[in-house]
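A.B. asks: turn this into a structure:
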Amino acid sequence: MIETRQVVLRCGICRTQRPFNLNMSQLRRLAEGFPLQLHCSFCSSPQYWTAIEPIDMDAVSAKPTQSKSILLVDDDDLILKLLQKVLESWDAHIEVAVNGKDALSKLASRSFDLMICDVLMPEMSGQELFRHIQDNALLPPERILFLTGDKRSQLKEFLDSTGCYYLYKPIQFLEFSGHVQAVLAREATSG
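C.D. replies: Residues are numbered from 1 along each chain as shown. Coordinates of the predicted model:
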């Protein structure tokens, strides 16, 4: 599971205080005296946030955890690289698939703790991939996170019916992190 700690941060502009679940890399930055740039709902834009109490890295548990295995599926190379960078900072083992067919072959050959998948892709869409996954019991729906920029009602109906997590693009990375952590935490407690 991705190791996180809840920390109360303060916005540098409006001084709003809010709890955030931060990964070890973010905690380390705060402990070193660097603010984090996060979205502020009151300022309606990204702002620099600081911890209201000092972060003691020695007090943060440093126990080794087993690396999670995540499959990223997207036809957009830039998004793949960006998500890969974010997830690797959490010590996750990442495999990449550029379309649904590629993902299906990877899912058939090994198990993953989580699949993060685009919906609209060439060769095999996320919807088709999901049907194959369910027909062959390759991965339970609660270990799938769909990403899409398409907000049509038919697609929303599909996403709601799957039992999977989903997020709309452009991705808000705090929300993305929260979803990934929720999926992996759920997997850890049930598995």
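
A.B. asks: show me which helix runs longest in this structure.
C.D. replies: Of all segments of type helix in the chain, defined using DSSP state H, the longest is helix 173-190.

A.B. asks: ok, now which ones touch residue 148?
C.D. replies: The neighbours of residue 148, taking CB atoms under 8 Å, 6 or more residues apart in numbering as the test, are 118, 119, 120, 126, 155, 159, 166, 167, 168, 169. The way it works is simple: take the backbone N, C-alpha and C, and place the C-beta from them, glycine included.

A.B. asks: in ChimeraX, select just the buried ones from the residues you listed.
C.D. replies: Only the buried entries of the contacts of residue 148 go into this ChimeraX selection, using 16 or more other CB atoms under 10 Å:
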select :118,119,126,155,159,166,167
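
A.B. asks: least confident of the contacts of residue 148?
C.D. replies: For those, the weakest pLDDT value sits at residue 169, with 88.

A.B. asks: kindly export stretch 81-101 (C-alpha atoms) in PDB.
C.D. replies: Extracted in PDB, the C-alpha atoms of stretch 81-101 (Å, rounded to 0.1, in the frame of the first residue of the first chain):
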ATOM      1  CA  LYS A  81       4.700   9.400 -18.800                       C
ATOM      2  CA  LEU A  82       3.100  11.800 -16.400                       C
ATOM      3  CA  LEU A  83       1.100   9.200 -14.600                       C
ATOM      4  CA  GLN A  84       4.100   6.900 -14.500                       C
ATOM      5  CA  LYS A  85       6.300   9.600 -12.900                       C
ATOM      6  CA  VAL A  86       3.600  10.200 -10.200                       C
ATOM      7  CA  LEU A  87       3.200   6.500  -9.400                       C
ATOM      8  CA  GLU A  88       6.900   5.700  -9.400                       C
ATOM      9  CA  SER A  89       7.400   8.300  -6.700                       C
ATOM     10  CA  TRP A  90       5.200   6.000  -4.500                       C
ATOM     11  CA  ASP A  91       7.500   3.000  -5.100                       C
ATOM     12  CA  ALA A  92       5.000   1.200  -7.400                       C
ATOM     13  CA  HIS A  93       6.000  -1.200 -10.100                       C
ATOM     14  CA  ILE A  94       4.500   0.200 -13.300                       C
ATOM     15  CA  GLU A  95       3.700  -1.600 -16.600                       C
ATOM     16  CA  VAL A  96       2.400   0.400 -19.600                       C
ATOM     17  CA  ALA A  97       0.000  -0.700 -22.300                       C
ATOM     18  CA  VAL A  98      -0.700   1.700 -25.300                       C
ATOM     19  CA  ASN A  99      -4.200   0.200 -26.100                       C
ATOM     20  CA  GLY A 100      -6.800  -2.300 -24.800                       C
ATOM     21  CA  LYS A 101      -5.400  -5.300 -26.700                       C
END
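
A.B. asks: tell me the buried residues in that stretch?
C.D. replies: So for stretch 81-101, counting by 16+ other CB under 10 Å, buried means 83-84, 86-87, 90-92, 94-101.

A.B. asks: good, wrapping up.
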